[in-house]
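**Student:** When you get a sec, could you give me coordinates for this:
(2 chains)
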Amino acid sequence: MHPAILGLITIVIGVGGCIGYFWFSNVILDRVFFPPSGPNAGRNINRANAIRPWLFMGPAILALGLYLAYPVVATFLLSFQTRVPGGGSEFVGLDNYVQMIGEAKFREAIFNNMLWLIIVPAASTAFGLLAAQLTDRISWGSFAKSLIFMPMAISFVGASVIWKLIYDARPAGSDQIGVLNAIWVAFGGEPQQWLTISPWNSLLLMVVLIWIQTGFAMVILSAALRGIPEETVEAAIVDGASPWQIFFRIKVPQIMPTIVVVWTTITLVVLKVFDIVLAMTNGQWETQVLANYMYDKLFRAFDWGVGSAAAMTIMLLVSPILVWNVINARKEMR
Amino acid sequence: MDNIAGKKSSLTWAVHISVVVLVALWLFPTVGLFVSSFRTGDQISSSGWWQSLSTQESQLSPIRIEGDETATGDAFVIEGTLISGDTTVSAWGTSSREPNAYEPGETVDLGDGQTLTVNDDSTYVLTGPETFEGTRLPRVFMTASSPPVWTVENYGTVLFTGTAAAGIGQAFLNTLTVSIPATIIPILIAAFAAYALAWMEFPGRALLVATVVGLLVVPLQLALIPLLQIHNTIGIGKGYLGVWLAHTGFGLPLAIYLLRNYMVGLPRDIIENAKVDGASDFQIFVKIILPLSFPALASFAIFQFLWTWNDLLVALVFLGADDDSLVLTGRLVNLLGSRGGDWEILATSAFVSIAVPLVVFFSMQRYLVRGLLAGSVK
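**Tutor:** The predicted model follows:
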């Protein structure tokens, strides 16, 4: 059977199954177990209402538990084990972590990840803020915004192809087809294989992600800028503030919480970045990052222990943001 | 507002120019790929795409004259056209040392009484006192300018010729098969859960919301091996069912979070009135909440669709890397490795893969922006 037909059937079964589950479980709860009639009507209604939320959330809790919560625990355990030949696995304590830290490629990945974590969120947020501030002041701003926002829709792999064309190199003397080398040669340089030159190649990979994420930052920050009360800006103008002062002293401090949100969101994307590196250099020439290192270990070397240890490293880097998010969410709930 | 002090109108032109530059910078890479996908492989590898928009003067590879001779009186003549198409010759020559020795229209003595004329429309006349049969005819070097030439052949090659060229057609279908169920299934599951978290009272609700927020940032890298083990144990193995389930699980936190935030904001009166009128929670959800939440549902649907369409990792791990099961992103990565120099195939394939998300993006941008704002700014 063709997968597309299988897909259609799955949609029907999935959607039908969901609706059926929610409908039938409700009917059974109300009609069979706790009918809101007879001598115990009041008590039954209360009991049904106590159970109903769990019926509504059942499938979601099951899926979240199985697909996200359980794997965190399982990966944590896997990172302390190694597979023994012939099946099964044994507990090896911190050996996987020790081995991982001993590898030069891992240290390179950590170093590069730190660079990514500093440069990409900073540059994306800065460009996003610039674009938001500029486009908010002109009549065709929303059109300009949607063009800058467009790379968000492009896959990391698609973006890698786009940028690889820009970084392409031809032998000296012939016409360069990559823009970067064309400009370089026009200024008198020799054509370079940019993606093989460390540390610039890491920077060139970051440019791809900055190009994608700037639109996101711009959209969010532009909404925040528009939310600034006019009075504060007007008061500053009356007091004789220059446009620079208005922007950096009045506007930026007021949207600081939003800037932090944008920054952390992009940080999360950076920590998981994998496609761009895999597609453009595959971690060669000192461009390795954690996520690609982990993929290498898991699916090329089939070393689940060290791979899981690398995954836990990513989790460790994410957890401050996780905790911060949860604390904020709890504050809002109150 | 525009004329008050501090907002100098004289600076407006500077803002306009800055935005134009910014937009041009951001658009330039994509346009390059788009333009390249309509050029032939030779064109792409011989000149930058930005030059293809205007008439180009370039040194052509040498062409050896061939054709049937006609005898006219005491001379033998070969006539013909060297290159077809809309090309203008600006200089020509007969040796690689001096490829631009002569002007178009000039008649040149080749020795042994032979003469050659090449005109600017690349027609030529070769005359000689004796028959040309059995002799090597001269080669012609030309510098010619040709107007932009476009072709849609690449798209035909990439989409319809199967794995021989790229297998993009198959990959396109695979991607569609992955992303549509993976978009629809989580929506329903999440909507019910979001309603319960927003409008039903029960112990542990706050804890559950916090858990969802926490799971929002869990890297899916952690889930790969344990889930593969589960899939193998329960017999799903690698296949579409596994990918759909995985995408559903990974998409749920965002879906629940977005939908709950939206549903909490719905007016309390409507829901309480309905309850007073005797509507059950199920009826309230289906008849009131779902229709009212359409904008949030649309936002999430776009997110999830873009995410599943553009995803590489989940598809590679849960669907596999065989030729039959590769999705567009996986196919592109393979092409980058194996045919990294065939830019006409690469550019066209990449454009095929980003065309669908771009259409979705531009037609549903309103909902996407709304979802982004709801998802990250409070």
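**Student:** Quick check, the residue in the stretch 101-250 of chain B closest to chain A?
**Tutor:** Nearest residue of the stretch 101-250 of chain B to chain A: B:G249, at 2.4 Å (CB to the nearest CB). (Each C-beta comes from the backbone N, C-alpha and C, glycine too.)
**Student:** Identify the residues contacting that residue.
**Tutor:** A:63-64, A:66-68, B:223 (CB atoms under 8 Å, 6 or more residues apart in numbering or on different chains).
**Student:** how about a cut-off of 6 Å?
**Tutor:** A:63, A:67 (CB atoms under 6 Å, 6 or more residues apart in numbering or on different chains).
**Student:** cool, and A:P71?
**Tutor:** Per CB under 6 Å, 6+ apart, neighbours of A:P71: B:222-223, B:226-227.
**Student:** check those against chain A, which are close?
**Tutor:** B:222-223, B:226-227 (CB under 6 Å from any CB of the partner chain).
**Student:** B:S90 falls within a strand, correct?
**Tutor:** Yes. Assessed with DSSP: H, G, I helix; E, B strand; the rest coil, B:S90 lies in a strand.
**Student:** So which bits of the helix or strand encompassing the residue of the stretch 101-250 of chain B closest to chain A are buried?
**Tutor:** For B:G249, the element it lies in under DSSP states H and E is helix B:240-264. Using 16 or more other CB atoms under 10 Å in any protein chain shown as the test for burial, helix B:240-264 gives B:240-263.
**Student:** Tell me which helix or strand comes right after the helix of greatest length in chain B.
**Tutor:** For chain B, the helix that runs over the most residues, judged by DSSP state H, is helix B:168-199. Heading C-terminal from helix B:168-199, the first helix or strand you meet, by DSSP H and E, is helix B:205-215.
**Student:** does any part of stretch B:306-319 sit near chain A?
**Tutor:** Yes. Judged by CB under 6 Å from any CB, stretch B:306-319 and chain A are in contact via B:306, B:310, B:312-313.
**Student:** So which bits of the stretch 201-334 of chain A are right by chain B?
**Tutor:** So the stretch 201-334 of chain A meets chain B at A:219-220, A:223, A:237, A:258, A:261, A:265, A:268, A:272, A:274-275, A:279, A:294, A:304, A:311, A:314-315, A:318, A:321-322, A:325-326, A:329-330, A:333 (CB under 6 Å from any CB).
**Student:** Filter those down to just the buried residues.
**Tutor:** A:219-220, A:223, A:237, A:258, A:261, A:265, A:268, A:272, A:274-275, A:279, A:294, A:304, A:311, A:314-315, A:318, A:321-322, A:325-326, A:329.
**Student:** Who are the packing partners of the strand or helix carrying A:P257?
**Tutor:** Element membership for A:P257, per DSSP H and E: helix A:256-271. With contacts taken as 3 or more CB pairs under 6 Å, 6 or more residues apart in numbering or on different chains; DSSP states H and E, helix A:256-271 sits against helix A:104-135, helix A:200-226, helix A:304-333.
**Student:** in it, what counts as buried?
**Tutor:** Neighbour count says helix A:256-271 has A:258-259, A:261-262, A:264-271 buried, by 16+ other CB under 10 Å.
**Student:** what would these look like in JSON lines with pLDDT?
**Tutor:** Shown next, in JSON lines, are the buried residues of helix A:256-271 (pLDDT from 0 to 100):
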{"residue": "A:T258", "pLDDT": "86"}
{"residue": "A:I259", "pLDDT": "89"}
{"residue": "A:V261", "pLDDT": "85"}
{"residue": "A:V262", "pLDDT": "88"}
{"residue": "A:T264", "pLDDT": "87"}
{"residue": "A:T265", "pLDDT": "86"}
{"residue": "A:I266", "pLDDT": "89"}
{"residue": "A:T267", "pLDDT": "89"}
{"residue": "A:L268", "pLDDT": "86"}
{"residue": "A:V269", "pLDDT": "86"}
{"residue": "A:V270", "pLDDT": "89"}
{"residue": "A:L271", "pLDDT": "86"}
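**Student:** so B:H16, which of the three states?
**Tutor:** helix.
**Student:** do the same with the one 10 residues further on
**Tutor:** At B:W26 the chain is in helix, as set by three-state DSSP.
**Student:** The residue nearest to it when sequence neighbours are not counted: helix or strand, and which one exactly?
**Tutor:** Nearest residue to B:W26, sequence neighbours excluded (CB to CB, 6 or more residues apart in numbering or on different chains): A:I148, at 4.8 Å. Assigned by DSSP H and E, A:I148 belongs to helix A:141-149.
**Student:** Distance from that helix to the middle of the chain?
**Tutor:** Computed by CA atoms, centre = their mean, to the nearest Å, the chain-centroid distance of helix A:141-149 equals 22 Å.
**Student:** Which positions in that helix come out as buried?
**Tutor:** So helix A:141-149, judged by 16+ other CB under 10 Å, has buried residues A:141, A:144-149.
**Student:** what would those look like in CSV with pLDDT?
**Tutor:** Listed next are the buried residues of helix A:141-149 as CSV, based on pLDDT from 0 to 100:
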residue, pLDDT
A:G141, 81
A:A144, 87
A:K145, 86
A:S146, 87
A:L147, 89
A:I148, 89
A:F149, 88
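**Student:** Need these in JSON lines (columns: distance to B:T12).
**Tutor:** What follows is those, written out as JSON lines (distance: CB to CB, whole Å):
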{"residue": "A:G141", "distance to B:T12": "12"}
{"residue": "A:A144", "distance to B:T12": "14"}
{"residue": "A:K145", "distance to B:T12": "18"}
{"residue": "A:S146", "distance to B:T12": "21"}
{"residue": "A:L147", "distance to B:T12": "20"}
{"residue": "A:I148", "distance to B:T12": "19"}
{"residue": "A:F149", "distance to B:T12": "23"}
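**Student:** and which of those residues is nearest to A:W244?
**Tutor:** Using CB to CB, the shortest approach to A:W244 within the buried residues of helix A:141-149 belongs to A:G141, at 20.5 Å.
**Student:** For B:A71, which three-state class applies?
**Tutor:** Classification of B:A71 by three-state DSSP places it in strand.
**Student:** any idea how far it is from B:T107?
**Tutor:** 20 Å (CB to CB, to the nearest Å).
**Student:** and if you look at B:P62?
**Tutor:** In terms of CB to CB, B:P62 sits 20 Å off from B:T107.
**Student:** out of these two, which sits in the busier spot?
**Tutor:** B:P62 (15 against 11; other CB atoms under 10 Å in any protein chain shown).
**Student:** Please name the nearest non-neighbouring residue to that one.
**Tutor:** In space, B:P62 is closest to B:R139, 4.5 Å off (CB to CB, 6+ apart).
**Student:** how far away is that neighbour from B:S145?
**Tutor:** 20 Å.
**Student:** could you say which helix or strand contains B:F76?
**Tutor:** Here B:F76 is assigned to strand B:75-81, by DSSP H and E.
**Student:** hey, C-alpha coordinates of that strand in PDB?
**Tutor:** Taking Å, rounded to 0.1, in the frame of the first residue of the first chain, the C-alpha atoms of strand B:75-81 are listed here in PDB:
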ATOM      1  CA  ALA B  75      36.200  27.700 -55.300                       C
ATOM      2  CA  PHE B  76      34.900  25.400 -52.600                       C
ATOM      3  CA  VAL B  77      32.700  27.000 -50.000                       C
ATOM      4  CA  ILE B  78      31.300  25.900 -46.600                       C
ATOM      5  CA  GLU B  79      28.700  28.000 -45.100                       C
ATOM      6  CA  GLY B  80      26.700  27.700 -41.800                       C
ATOM      7  CA  THR B  81      26.000  29.000 -38.400                       C
END
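**Student:** Give me the sheet partners of it and which way each runs.
**Tutor:** Paired strands of strand B:75-81, with direction, are strand B:70-72 (antiparallel), strand B:123-128 (antiparallel) (DSSP bridges).
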